[in-house]
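Trainee: The sequence isn't on hand, but the structure is:
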């Protein structure tokens, strides 16, 4: 006895396969778009060297002893430059030993 194929069932399987193929393709396309979006953002700059604490160059300064200067760096992150007096250095060495 030969098995009889039901044409309605074949059509149902084919339509289900087409639906799953289209749904999978659409999901993959959305995933590719979301994955590509951050890399194509022109305003995003990697913070690489700045985050690692790479030395920066500051123009020569004539600071008086005890004077402090605030220098903007990167995205306006301040760097404080202080010319310490001998008393300040002595006080600092006393506080770090405890």
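Mentor: The structure has been received and is ready for your questions. Keep in mind that what you see is a predicted model, and the values were worked out from it rather than measured. Numbering: from 1, shown residues only.

Trainee: Is residue 66 in contact with residue 86, as I believe?
Mentor: No - assessed by Cβ atoms under 8 Å, residue 66 is found out of contact with residue 86, at 10.4 Å. Any C-beta I mention is one placed from the backbone N, CA and C, and that applies to glycine too.

Trainee: higher neighbour count, these two?
Mentor: For residue 66 versus residue 86, neighbours defined as other Cβ atoms under 10 Å are more numerous around residue 66 (11 against 8).

Trainee: How about the more buried one: what's its closest non-neighbour residue?
Mentor: Here the nearest residue to residue 66 in space, its sequence neighbours aside, is residue 85; by Cβ to Cβ, 6 or more residues apart in numbering that works out to 5.1 Å.

Trainee: in its sheet, what does the strand or helix carrying residue 70 sit against?
Mentor: Residue 70 is part of strand 68-73 when elements are defined by DSSP states H and E. Here strand 68-73 is paired, per DSSP bridges, with strand 77-82 (antiparallel).

Trainee: ok, and what's touching the partner strand?
Mentor: Residues outside strand 77-82 that contact it (Cβ atoms under 8 Å, 6 or more residues apart in numbering): 56, 58, 61, 63, 67-73, 88.
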